[in-house]
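> build the 3D model from these lines:
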Amino acid sequence: MRSYIEVPIGIGLIPCDTLIEDRITGKKTIVGVIGAIRVSHFPCIYPSFHLLVSLTGGNGVYPCLLQVVSESKDEVVFSGNGELTFRQPNQVVDLVFLLRHIQFNYPDTYWIKFLVDGEPLMTRPLQVTLLDPPPTPAGPEKRG
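This is a model prediction of the structure:
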């Protein structure tokens, strides 16, 4: 049973290396926004990254789901659910997630998805690719 009136509005979905939150002011500092991950091999386990999800316009309690899903195989590589509570519609709610040890089995576009009551509210692509191979060393220069 739904305990809310309006569907919230997504303001931001930002993956980053580090997210620092000031305990006194609540201000957040985002360090190293991630749009792509380059790895040396597959499968790989990515150690961790933070995700900031920011929303407004809601009123009540909402079931929510965060997923990371491969585009080509529709494989869920991370999933976590919970509840989101708005006390008033003009409130901004920031959710901070720390995603650890996500296994990427192949290069692909992975979609970070935030769903509210089963409906996608925000999505963001994350490219996972192989590192470029190091250049081969050049041979000795010939002089004539």
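> the bottom helix or strand of this structure by mean pLDDT?
Taking mean pLDDT, DSSP states H and E as the measure, the chain has strand 3-4 as its least confident helix or strand, at a mean of 56.
> next up, the contacts around the nearest residue to Asp108 once chain neighbours are set aside.
Of all residues not flanking Asp108 in the chain, Ser70 sits nearest, at 4.8 Å (Cβ to Cβ, 6 or more residues apart in numbering). C-beta coordinates here come from the backbone N, C-alpha and C atoms, glycine included. Contacts of Ser70 were listed using Cβ atoms under 8 Å, 6 or more residues apart in numbering, and they are 77, 106, 108-111.
> same thing but 7 Å
77, 108, 110 (Cβ atoms under 7 Å, 6 or more residues apart in numbering).
> which of these are buried?
Buried members of those, scored by 16 or more other Cβ atoms under 10 Å, are 77, 108, 110.
> and the spatially most central residue of the chain, what helix or strand is that in?
Residue closest to the average C-alpha location in the chain (Cα atoms, centre = their mean): Pro15, at 4.3 Å. Element membership for Pro15, per DSSP states H and E: strand 9-21.
> what's in contact with stretch 90-106?
11, 19, 21, 28, 39, 42-56, 66, 68, 77-78, 84, 86, 128.
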